[in-house]
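Enquirer: I would like to see how this sequence folds:
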Amino acid sequence: MAASFALSVVLMRTDRSASAFFMSPPRVWEFLIGGLVALPGAPVLGDTRTQLGVRAIALVMMVIPILSLRAGPGFPGVNALLPCIGAALYIWSGIGVPTKPRPWYSYRHVARFFGQISYSLYLWHWPLFTFARFAKASLVLDAADRIALFAVTVAISALSWWFIERPFRGRILVPSRRAAFALAGASSVVLSVAGVIGVLSSGASSETDQAAVRLDAYNSYDYGPIYRAGSCFDLPATSTRVVCGSSPARPMCCCGATALPRTTIMGSPPVSIRSV
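Expert: Numbers count the residues shown, from 1 in each chain. Okay, the predicted model is just below:
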């Protein structure tokens, strides 16, 4: 567990957050933290007040990342410690606590439902949202798209949990470990063949691909000749200069130190004035 966490931190600090996020070795420690509470001999909290206190601390630890983390390459690594430890503490605080009968409208039933389908949600949400995004020319999902996709994801995840996950856990579909490995191998072969067929049959580029190629051409566009990169504007020292523009205006420069006080700059920070 320590080696997995160390690998995650190293990858994050060397600007390889994608590897830290998508590779299994730097994420194993997150699963192992939750597994610690299931080890035989793990202590059980017998006092009700202690259980409630640990549960409150766990909730705070899980809420802090929700409110503080922002989009970007900041996860996992050290930022994954709070939610993972908080989740493990929350599970630990409920071990040995008898389940009380509650009315059907209790919020705990809703929490339990999403807890049961959480792994299916994790597996299904990514492909559904990704393919839906690429199906749109703008590559952007609006609020209505996200709400609809969330509802579809919950529905598919519930069906997946009921018809696939539950039978596996109850050993209905796979009564033995050998049968489980055989089914996993057969599924891998089927998925691999389907992937190869999909790649071979997708020779024609889509409208989105063509738009991406056109936009990528601007990355190598040479603005230098248009804005006389490397040369100065030979203007009288007493004239007033106005420089307007954004990034493409960066190569522009004005000559003469005496002219700088009479220069007006309009545009974004990349616009610069240089005295020669």
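Enquirer: can you tell me what sits against whatever helix or strand Tyr90 lives in?
Expert: Using DSSP states H and E, the element containing Tyr90 is helix 81-94. Here helix 81-94 makes contact (CB atoms under 8 Å, 6 or more residues apart in numbering) with 29-30, 33-34, 36-37, 42, 45, 51-52, 54-55, 57-62, 64-65. For the C-beta atoms, the positions are set from N, CA and C on the backbone; glycine is no exception.
Enquirer: centre of the chain to that helix, how far?
Expert: Centroid displacement of helix 81-94 relative to its chain, using CA atoms, centre = their mean, to the nearest Å, is 21 Å.
Enquirer: again with stretch 150-163
Expert: Its chain's C-alpha centre and that of stretch 150-163 lie 21 Å apart, by CA atoms, centre = their mean.
Enquirer: quick revisit: so which of the contacts of helix 81-94 belong to strands?
Expert: Nothing among the contacts of helix 81-94 maps onto strands, per DSSP state E.
Enquirer: filter these to the buried ones?
Expert: Neighbour-count burial (16 or more other CB atoms under 10 Å) is assigned, among the contacts of helix 81-94, to 29-30, 33, 37, 45, 51, 54-55, 58, 61-62, 65.
Enquirer: tell me the pLDDT at the closest residue to Met61 other than its chain neighbours?
Expert: Nearest residue to Met61 in three dimensions, chain neighbours excluded: Gly86, at 3.0 Å (CB to CB, 6 or more residues apart in numbering). Gly86 carries a pLDDT value of 93.
Enquirer: what about Gly86, distance to Val28?
Expert: Plainly put, Gly86 is 19 Å away from Val28 if you go by CB to CB, to the nearest Å.
Enquirer: between these two, which is the more surrounded one?
Expert: Set side by side, Gly86 and Val28 show more neighbours around Gly86, with 20 against 16, by other CB atoms under 10 Å.
Enquirer: how near is the more buried one to Ile64?
Expert: The spacing between Gly86 and Ile64, counted by CB to CB, is 8 Å.
Enquirer: for the buried ones among the contacts of helix 81-94, which one is nearest Val110?
Expert: Met62 (16.7 Å; CB to CB).
Enquirer: can you tell me, leaving aside adjacent residues, what's nearest to that closest one?
Expert: Gly86 (4.0 Å).
Enquirer: and the two most separated of the buried ones among the contacts of helix 81-94?
Expert: Among the buried ones among the contacts of helix 81-94, Trp29 and Gln51 lie farthest apart (CB to CB), at 25.6 Å.
Enquirer: quick one: the strands in the stretch 151-276 of the chain?
Expert: For the stretch 151-276 of the chain, the strands defined by DSSP state E, counting those that start in this stretch cover 241-245, 263-267.
Enquirer: weakest of those strands by average pLDDT?
Expert: strand 263-267 (a mean of 49).
Enquirer: count of residues packed around Ser157?
Expert: Ser157, neighbours per other CB under 10 Å, totals 23.
Enquirer: so how far is Phe114 from it?
Expert: 9 Å.
Enquirer: what do those two both touch?
Expert: Leu121.
Enquirer: circling back to that earlier point, may I see the buried ones among the contacts of helix 81-94 organised as a markdown table, with distance to Val199 and pLDDT added?
Expert: Output for these, formatted as a markdown table (distance: CB to CB, whole Å; pLDDT from 0 to 100):
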| residue | distance to Val199 | pLDDT |
| --- | --- | --- |
| Trp29 | 34 | 92 |
| Glu30 | 32 | 91 |
| Ile33 | 38 | 90 |
| Val37 | 43 | 86 |
| Leu45 | 52 | 85 |
| Gln51 | 53 | 89 |
| Val54 | 50 | 92 |
| Arg55 | 48 | 90 |
| Ala58 | 45 | 93 |
| Met61 | 43 | 94 |
| Met62 | 40 | 92 |
| Pro65 | 37 | 90 |
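Enquirer: please give the element, helix or strand, for Ser4.
Expert: Going by DSSP H and E, Ser4 is in helix 2-13.
Enquirer: ok, now Arg108?
Expert: helix 107-116.
Enquirer: so how far is that helix from its chain's centroid?
Expert: That offset, for helix 107-116, works out to 24 Å (CA atoms, centre = their mean).
Enquirer: now do stretch 111-124
Expert: Distance, stretch centre to chain centre, for stretch 111-124: 17 Å (CA atoms, centre = their mean).
Enquirer: residues contacting Ser160?
Expert: Neighbouring residues of Ser160 by CB under 8 Å, 6+ apart: 117, 120, 123-124.
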